[in-house]
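**Student:** My questions are about this predicted structure, shown below with the sequence.
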Amino acid sequence: MIEDLIRFFKKTKEETTGKVPRGFCPNCWGEQEYDSMIREMYEDKQIDVNNHAANYAFIQDFIVNHIEGIHLKKGNNGFECPTCRAVFKEEPENWI
């Protein structure tokens, strides 16, 4: 899973626009919802100032809370998203 994310983010913006990393739900990818509202994402430069241990803990916590929930699970009927319950019989077309 991590390797797919790293490979995805190493590509250019043009290559990834409208695409989803392999194994993730196309319906949920890119949503910035918090407290039932879609929010604009912003960059916090203070995170770069923190030491590596704090940054690593932040990244691990983010993965568990935001990425794991949209990672498609292989089931009997295809791939299923645990968050939105969408079922895909085949791999979605926009996986890269």
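**Tutor:** Perfect, thanks for sending it.

**Student:** F79 contacts R85, correct?
**Tutor:** No - in this structure, F79 is not within contact of R85 by C-beta atoms under 8 Å, at 11.6 Å. All C-beta spots, glycine's among them, are computed from the backbone N, C-alpha and C.

**Student:** For the chain, name the helix or strand with the lowest mean pLDDT.
**Tutor:** The helix or strand of the chain with the lowest confidence, counting by mean pLDDT, DSSP states H and E, is helix 46-49 at a mean of 56.

**Student:** between F79 and R85, who's got more neighbours?
**Tutor:** Legend: neighbour count by other C-beta atoms under 10 Å for F79 and R85, higher for F79 (20 against 9).

**Student:** which strands and helices sit next to the helix or strand hosting the more buried one?
**Tutor:** Using DSSP states H and E, F79 sits in strand 78-80. For strand 78-80, the elements it packs on are strand 87-88, judged by 3 or more C-beta pairs under 8 Å, 6 or more residues apart in numbering; DSSP states H and E.

**Student:** Which elements pack onto the strand it packs on?
**Tutor:** Under the contact criterion of 3+ C-beta pairs under 8 Å, 6+ apart, strand 87-88 touches strand 78-80.

**Student:** what does the strand it packs on contact?
**Tutor:** For strand 78-80, the external contacting residues (C-beta atoms under 8 Å, 6 or more residues apart in numbering) are L72, K73, A86, V87, F88, K89, E90, E91, P92.

**Student:** let's go with 7 Å and repeat that
**Tutor:** Contact with strand 78-80 is made by L72, K73, V87, F88, K89, E90, as judged by C-beta atoms under 7 Å, 6 or more residues apart in numbering.
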